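S.K.: build me a model from this:
(chains A and B)
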Amino acid sequence: MSKITDIDLGGWEMVIGLEVHAQVSSASKLFSGASAAFGGKPNNHVSIVDAAMPGMLPILNEAALRCAVQTGLALKAKINTYSVFARKNYFYADLPQGYQISQYEFPIVGEGTIEITLDDGSTRTIGIERLHLEQDAGKSMHDQHPQYSFIDLNRSGVPLMEIVSKPDVRSAFEATAYVRKLANILDYIGACDVNMSQGSLRTDINLSLRRPGAEFGTRTETKNLNSLKAIRQAIEVEAWRQKVVLESGGTIDQETRLFDPVKFETRSLRSKEDAHDYRYFPDPDLLPVVISEDWIAKIQSSLPELPDQKIARFQQEFGLSAYDADVLVADQAAANFFEVVCASTTPKIAANWVIVELFGRLNKTDLSISDSPVSAQGLAELLALLEKDTISGRTAKDVLDTMFSTGKSATEIVKKQGLEQVSDTSAIGAIIDEVIASNPGQVQQFRDGNERLLGWFVGQVMRQSGGKANPSIVNQLLKQNL
Amino acid sequence: MSMDKEAIQKLGRLSRIALGDQQAEQIADELSNILRWIAQLKEVDVEGVAPMTSVLEAHAHPRADIVNDGYAPKRVLANAPQEIRGYYIVPKVIEQDTT
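M.R.: Reported below is the predicted structural model:
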């Protein structure tokens, strides 16, 4: 994806703020001991708290609180030692309480930042407004019966972190870069499994247009996008719609919209003015949350290396380019894989083989790094043979193909197929003598100054040796003998 | 503080309670009375006192993240108006397209 693909809005500038709902990696729910696992038989992961039976008392999950603080620290954000849960009141069939328990005036995490990398390699800082904890709603199914909706409350009460950005994002590219980076950070700290297809990361987009430098225009909110592709498309479709409305003299209504990826349009939802009157008030069932500076410091010191730190280390410690470091760190599994390979290989060679050769083959077969048929140790073994000159670079690529399809080790393949490179100067010398003797015409041309023929001679010798001669020795000996 | 009929009708809509004109007027009067009575609290001097939602000076004691509840669909669905294959069954509710 490149900035070049951002649509041309003819002088309008997008102003975008993002709300990402990230499901907390916890075993149980935000306020009950029912399982928070995805799926399950309908209404099995439900306690009577989640079903909102009268008189039940919600009790806060410590792991959810810890994840929120961890995430806040990873976003370099202010952690609030005092926070309050509030009721957000609205009616919907899959919200049994008639309100969602969320945080309003006093969220657990305040302002922070995320650095995103633009396609020219420069970075931009996107502000974080706040992060708060809230309950997920249940799931409605409307396609099971002509008159009825089916409700499953398994998801009701699952802990979510809502991470709200400042209106700092200016393009679809920046929006996807932001969500990707946020997902990357959440994955590193283990606060969320970032499985977008299972809905563990859902994004709402607040978007308005303005002439550069002018006041913000009226925004719309497009809800519930669960892939980077959908985010990009929804932004472009909605921005284009707003441009057309504004240029024809119309005005934008502040409203909630839904993106339809099939019809490629956004549609208005619950635009009645009353709909957004949530009448927040502090939840009387829940006491204020007070956490100590000590506890925050403990969590801070237990944070793992974060993506930005790892990128910096890969550049300093291993001499990788910013691009290579970025590509490897973007996937925690790839970064770990690289570090294993790197332990016994020259780092730049390791990076090149992981990014170009291994990723290339994985992409072709649509596999992720964790499903790679070649292990990090396996690739390290292959690269050791390459670095010891036992095999040539060309042969190493063929061996990797065989490793990929058969799962056999590099050493075994090289031995079985007799692929060891010949570095013995007398054996190579003998082949060279033969090639020179049988091609007097080319020898004469070379000696008359046609130096380009050297490559042709190298090719002849390599072919005679069955591709096994060490090319740099062939080069060197040819120059001497010609 | 008093509440007029329009405010009551709005609250009714938000709470999904249908109110007749007369009913709304009556409730507006009653609620206004209650609010006037509660407004006496405004006479208390609370200068320098942080707003509180509980009279207890207590804070939350989180529980450990352990699965020890659920897996009782019969109990959960006991009061469901209707049940099919373990789901709550409700009249079809799809948010209306307003365009």
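S.K.: check whether the longest strand seen in chain A comes near chain B.
M.R.: Assignment by DSSP state E gives strand A:123-135 as the longest strand of chain A. No - Strand A:123-135 is not in contact with chain B by C-beta under 8 Å from any C-beta of the partner chain; minimum separation 11.2 Å. Just so you know, the C-beta spots here come from the backbone N, C-alpha and C atoms, and that holds for glycine as well.
S.K.: B:Val44 - how many residues pack around it?
M.R.: B:Val44 has 8 neighbouring residues, counting by other C-beta atoms under 10 Å in any protein chain shown.
S.K.: look up phi and psi at it.
M.R.: phi -70, psi 140 (degrees, to the nearest 10).
S.K.: list the contacts of it.
M.R.: The contact partners of B:Val44, taken as C-beta atoms under 8 Å, 6 or more residues apart in numbering or on different chains, number zero.
S.K.: sorry, back to before: send over the longest strand of chain A as CSV, restricted to the C-alpha atoms.
M.R.: This file holds the C-alpha atoms of strand A:123-135, laid out as CSV (Å, rounded to 0.1, in the frame of the first residue of the first chain):
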residue,chain,number,x,y,z
THR,A,123,7.4,9.0,10.9
ARG,A,124,4.3,10.9,12.1
THR,A,125,2.9,11.0,15.7
ILE,A,126,-0.8,10.3,16.1
GLY,A,127,-2.2,11.5,19.5
ILE,A,128,-4.2,9.1,21.7
GLU,A,129,-7.1,10.9,23.5
ARG,A,130,-7.9,8.2,26.0
LEU,A,131,-8.3,4.4,26.6
HIS,A,132,-11.2,3.1,28.6
LEU,A,133,-12.6,-0.3,29.6
GLU,A,134,-16.1,-1.4,28.6
GLN,A,135,-18.3,-4.4,28.1
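S.K.: mean confidence for the longest helix belonging to chain B?
M.R.: For chain B, the longest helix by residue count, based on DSSP state H, is helix B:21-38. The average pLDDT within helix B:21-38 is 93.
S.K.: packing partners of that helix?
M.R.: Using 3 or more C-beta pairs under 8 Å, 6 or more residues apart in numbering or on different chains; DSSP states H and E as the contact test, the elements touching helix B:21-38 are helix B:5-14.
S.K.: quick one: contacts of the helix it packs on?
M.R.: With C-beta under 8 Å, 6+ apart as the test, helix B:5-14 has contacts from A:89, A:274, A:277, A:279, B:18-19, B:21, B:24-25, B:27-28, B:31.
S.K.: apply 7 Å and report the result again.
M.R.: For helix B:5-14, the surrounding residues in contact (C-beta atoms under 7 Å, 6 or more residues apart in numbering or on different chains) are A:274, A:277, B:18-19, B:24-25, B:27-28.
S.K.: got it, and stretch A:55-75?
M.R.: For stretch A:55-75, contacts defined as C-beta under 7 Å, 6+ apart pick out A:24-26, A:28-32, A:48-49, A:79, A:101, A:108-109, A:112-114, A:128, A:131, A:133, A:159, A:161, A:185-186, A:189, A:191, A:285-286, A:289, A:296, A:299-300, A:303, A:306, B:60, B:62-65.
S.K.: alpha carbons of that stretch, in CSV - could you do that?
M.R.: What follows is stretch A:55-75, C-alpha atoms only, in CSV (Å, rounded to 0.1, in the frame of the first residue of the first chain):
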residue,chain,number,x,y,z
GLY,A,55,-29.8,-8.0,41.9
MET,A,56,-26.6,-9.3,40.4
LEU,A,57,-23.4,-7.5,41.3
PRO,A,58,-20.6,-6.9,38.7
ILE,A,59,-17.0,-7.4,40.1
LEU,A,60,-14.1,-6.0,38.1
ASN,A,61,-11.6,-8.5,36.5
GLU,A,62,-8.1,-7.8,37.6
ALA,A,63,-6.5,-9.0,34.3
ALA,A,64,-8.6,-6.6,32.3
LEU,A,65,-7.5,-3.7,34.5
ARG,A,66,-3.8,-4.9,34.1
CYS,A,67,-4.1,-5.1,30.3
ALA,A,68,-5.5,-1.6,30.1
VAL,A,69,-2.6,-0.2,32.2
GLN,A,70,-0.1,-2.2,30.2
THR,A,71,-1.5,-0.9,27.0
GLY,A,72,-1.6,2.6,28.3
LEU,A,73,2.1,2.4,29.3
ALA,A,74,3.0,1.0,25.8
LEU,A,75,1.2,4.0,24.3
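S.K.: lowest confidence element among the helices and strands of chain B?
M.R.: When the helices and strands of chain B are compared on mean pLDDT, DSSP states H and E, helix B:5-14 comes out lowest with a mean of 89.
S.K.: now the angle from that helix to helix B:21-38?
M.R.: In terms of direction (axes from the mean of the first three to the mean of the last three C-alpha atoms, to 10 degrees), helix B:5-14 departs from helix B:21-38 by 100 degrees.
S.K.: quick check: mean pLDDT across stretch A:448-461?
M.R.: 87.
S.K.: longest strand anywhere in chain B?
M.R.: Max-length strand for chain B by DSSP E is strand B:87-91.
S.K.: other SSEs contacting that strand?
M.R.: Judged by 3 or more C-beta pairs under 7 Å, 6 or more residues apart in numbering or on different chains; DSSP states H and E, strand B:87-91 is in contact with strand A:148-152.
S.K.: give the other helices and strands that the strand it packs on contacts.
M.R.: strand A:139-141, strand B:87-91.
S.K.: selection in PyMOL covering whichever of the contacts of stretch A:55-75 are buried, please.
M.R.: Here is the PyMOL command that selects the buried residues among the contacts of stretch A:55-75 (16 or more other C-beta atoms under 10 Å in any protein chain shown):
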select buried, (chain A and resi 24+25+26+28+29+30+31+32+48+49+79+101+108+109+112+114+128+131+133+159+161+185+186+189+191+286+289+296+299+306) or (chain B and resi 60+63+65)
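S.K.: tell me the SS of A:Thr266?
M.R.: Of the three states, A:Thr266 takes strand under DSSP: H, G, I helix; E, B strand; the rest coil.
S.K.: with adjacent residues omitted, what lies nearest to it?
M.R.: In space, and not counting its chain neighbours, A:Thr266 is closest to A:Arg257: 4.3 Å by C-beta to C-beta, 6 or more residues apart in numbering or on different chains.
S.K.: before we move on, the earlier item: hmm, which of the contacts of helix B:5-14 are the buried ones?
M.R.: Buried among the contacts of helix B:5-14 by 16+ other C-beta under 10 Å: B:19, B:24, B:27-28.
S.K.: domains of chain A?
M.R.: A:13-298, A:305-417, A:425-481 (automatic domain parsing).
S.K.: what's the span of the first one from first residue to last?
M.R.: Spelled out, it's domain A:13-298. Separation of the first and last residues of domain A:13-298 by C-alpha to C-alpha, to the nearest Å is 43 Å.
S.K.: all helices of the stretch 201-350 of chain A, in order?
M.R.: In the stretch 201-350 of chain A, the helices defined using DSSP state H, counting those that start in this stretch lie at A:228-247, A:293-301, A:307-318, A:322-329, A:332-342, A:347-352.
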